[in-house]
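**Student:** Sequence and computational prediction follow.
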Amino acid sequence: MFYKDERLALFIDGSNLYAAGKALGFDIDYKLLRQEFMRRGKLLRAFYYTALLENDDYSPIRPLVDWLHYNGYNMVTKPAKEYTDSMGRRKVKGNMDIELAVDAMELAARIDHAVLFSGDGDFRPLVESLQRQGGRVSVVSTIRSQPPMIADDLRRQADNFIELHELRDVIGRPPRENRPDREQAEALSDG
């Protein structure tokens, strides 16, 4: 439930939202996403969090990051870290949970409603804290994927759970084919 006079802020865990959309078979149209939440309330900020894989001054999601930056999103990025696991496999890590949590806590007193685009159960204490400070929290993710992309305790803690599949007609577009670089880059903060 949203109210027109509510001050909103969006907190988008980029890799988590990308994975949820992919699991449901569609891409997110970020222009439509922003418009949808501007319609639902007074959108103060829209944060997008992602780690960047920097290979020779190029990251496969750089075009998306640049587009979002120029189109009203507050971009929060950091370089991904590469490592080799115990099995000798190359892994990439770029977790943005702390950055998202800090921004949400800093903005808590200035917003009425936080919208978290993530199913990561690590955010449950953040949601609880925002609620204790008087804010309402909606979480956008999906239970329709196998396995579900949202942690049960996060879904239960939220004031409102928004099933991403139900937003498909509003903020979705058909997936683009042959985007392995993007898939690799968006999988960064899974570790």
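**Tutor:** Cool, the structure landed. Numbering: from 1, shown residues only.

**Student:** Residue 159: neighbour count?
**Tutor:** Each residue near residue 159 was counted by other Cβ atoms under 10 Å, and the total is 15. Heads up, the C-betas are built off the backbone N, CA and C, glycines and all.

**Student:** Could you tell me which residues make contact with it?
**Tutor:** 131, 136-138 (Cβ atoms under 8 Å, 6 or more residues apart in numbering).

**Student:** so where do the helices sit in this protein?
**Tutor:** Secondary structure of the chain (DSSP state H): helices located at 14-24, 30-40, 62-70, 97-107, 124-132, 152-157, 164-171, 180-186.

**Student:** so how far is residue 36 from the residue lying closest to residue 155 once chain neighbours are set aside?
**Tutor:** Counting by Cβ to Cβ, 6 or more residues apart in numbering, the nearest residue to residue 155 once its immediate chain neighbours are dropped is residue 161, at 4.9 Å. Relative to residue 36, residue 161 is positioned 16 Å away (criterion: Cβ to Cβ, to the nearest Å).

**Student:** who's more crowded, these two?
**Tutor:** More neighbours sit around residue 161 than around the other of residue 161 and residue 36, counting by other Cβ under 10 Å; the figures are 17 against 14.

**Student:** my guess is the more buried one contacts residue 148, does it?
**Tutor:** No - under the criterion of Cβ atoms under 8 Å, residue 161 is not in contact with residue 148, lying 11.1 Å apart.

**Student:** List the contacts of residue 71.
**Tutor:** When contacts are counted by Cβ under 8 Å, 6+ apart, residue 71 touches 30-31, 34.
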